[in-house]
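# below are the sequence and a predicted model; questions follow.
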Amino acid sequence: MTAAVDTVRDTPFVVGGRTFHSRLMVGTGKYRDNETMARALEAAGAEIVTVAVRRVDLDRSKETGILHHLDPNRYFLLANTAGCFTADDAVRYARLAREAGFNEFVKLEVIGDQETLLPDVQGLLEAARTLVKDGFKVLAYTNEDLVTALRLEDAGCAAVMPLASPIGSGLGLLNPYGVRTIKRRLTVPVVVDAGVGTASDACVTMEQGVDGILMNTALAAARDPVAMAHAMRLAVEAGRTAYLAGRMPRREVAVPSSPLEGMLD
Amino acid sequence: MNESIDVMVNGETRTVARGATLLELLRALELDPRAVVVEHNRTIVRRPRLGDVTVAAGDAIELVHFVGGG
C-alpha cells in the first residue's frame, strides 16, 4: 500500500462473508504458458482467481489441470460456469465445481448469444435462485441493466458482476452510467467483470465506485502479461483511491488556479 | 456373459471389467481420485463413495477438473 492510500480510509472488500484486500480479481485462461500466468497473478496482487470446469483429457496428451500451477492455499479459487448456455447446465457445472472441495462460491455465467457472449438474464436469474437455495455464494455475471442487477440481489446473490463490455473484447467501460447506477442502488458488492482492456479502463471503472474488477484477457493477451498485471494493480488502486478522494466537479468554463489579485499594472 | 462392458467416459467409449467400480475405472485411467470430480449418469459421486458405485453397460461418466478460465 502506498502512503496516499493510507490517507484515505477504505473498507475491506467483503463478499459472501469473506474479507479480501485486493480489489483486482484475475482469470487464469489463455496465457501463453502457465509460468507466465503464475507470474501475472503475483504481479496483479490478486487473491481471488477464477477457474473453469472441464473434462479431464483421458489420453493425457496435454496436462490441462490448472492446480498443478496454482496453489489453492495461496489463492481463493472462484469457479465459473463459462460456456453454459442454459440455467440447467450452469447449475450442473457449479455443483461439479463445488465438489472439487475448495469453497461454495461460484461465478455464475449463463450465456445467451454466441457472438457477443452477452448473458441470458432469464436463465441467469433462474440458475441464481436454484444455486442460492442450494447453499452457493453466487457472483452473477450480468449486463449493466439495473433491473436485472436488482433482481439478482433479490435472488440472494453474494455479488453482482456487470460487464464493462463483452468478454474478451477489450473495449473498456462502455456504460459508466449503468455501472455507476447499479453500484448506487445495490447493497451487495458490485464487481465489474469483462471488457477491461488496459490500465486506464480499469482506473475509470474503479472511479465509478464499484467494489472491484475481474479481468482475464487484458492480462493474458497483453504483449507482456506480467507488466500489464502490475499496471492493472496500480490502476485499480489509483481508481479506487480517486473515487474515495472524490473528484472535483466538471465545469464548462475555465476557473483560474492562480490568484487574480496582485497582477502587475 | 462378457467379461467386459462398454461405458461412456467423457463422451468416449471405454471398455471396463464387468462389475468395476468408479474407483477402479479411475485407476485404470491412471487418474488420481483426489484430482477429479466424478459424475455418474448425471449424479455426482463423492470421493468416499467411488469404491462403492459399480458401473453398468452404457453408463455415462464425466470426469472433470479445473482448467484455466476467466
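That came through fine. Please read these numbers as outputs of a predicted model, since none were measured by experiment. Numbers count the residues shown, from 1 in each chain, chains lettered A, B, ... in the order given.
# can you tell me the element the closest residue to chain B within the stretch 51-200 of chain A falls in?
Distance from chain B to each residue of the stretch 51-200 of chain A (Cβ to the nearest Cβ) is smallest for A:Ala52, at 2.7 Å. C-beta: built from backbone N, CA, C; applies to glycine. In the assignment (DSSP states H and E), A:Ala52 maps to strand A:48-55.
# just the helices in the stretch 101-250 of chain A please.
Applying DSSP state H, counting those that start in this stretch to the stretch 101-250 of chain A gives helices spanning A:121-133, A:146-154, A:176-185, A:199-207, A:217-220, A:225-245.
# save those helices as CSV, and put in distance to chain B too.
Putting those into CSV (distance: least, Cβ to the nearest Cβ, whole Å) gives the following:
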stretch, distance to chain B
helix A:121-133, 14
helix A:146-154, 19
helix A:176-185, 19
helix A:199-207, 15
helix A:217-220, 7
helix A:225-245, 12
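# export those helices to TSV and tack on mean neighbour count?
Formatted as TSV, these follow (neighbours: other Cβ atoms under 10 Å in any protein chain shown):
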stretch	mean neighbour count
helix A:121-133	21
helix A:146-154	18
helix A:176-185	17
helix A:199-207	22
helix A:217-220	25
helix A:225-245	20
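# in a markdown table, list those along with mean pLDDT.
Formatted as a markdown table, the helices of the stretch 101-250 of chain A follow (pLDDT from 0 to 100):
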| stretch | mean pLDDT |
| --- | --- |
| helix A:121-133 | 98 |
| helix A:146-154 | 98 |
| helix A:176-185 | 98 |
| helix A:199-207 | 98 |
| helix A:217-220 | 98 |
| helix A:225-245 | 97 |
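# right, so of those helices, which gets closest to A:Asn80?
Shortest distance between A:Asn80 and the helices of the stretch 101-250 of chain A, using Cβ to Cβ, is found for helix A:121-133: 12.4 Å.
# export the helices of the stretch 101-250 of chain A to CSV and append columns for distance to A:Ile111.
Below are the helices of the stretch 101-250 of chain A laid out as CSV (distance: least, Cβ to Cβ, whole Å):
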stretch, distance to A:Ile111
helix A:121-133, 9
helix A:146-154, 14
helix A:176-185, 19
helix A:199-207, 22
helix A:217-220, 16
helix A:225-245, 25
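# could you point out which of these sits nearest B:Arg18?
helix A:121-133 (36.9 Å).
# can you list the weak-confidence ranges in the chain?
Since you didn't name a chain, this refers to chain A. By pLDDT under 70, the weakly predicted segments of chain A are A:1-7, A:61-63.
# wrong one, chain B
B:1-2.
# got the residues of it near chain A?
B:9-12, B:14, B:29-31, B:35-37, B:39, B:42, B:44, B:46, B:62-70 (Cβ under 8 Å from any Cβ of the partner chain).
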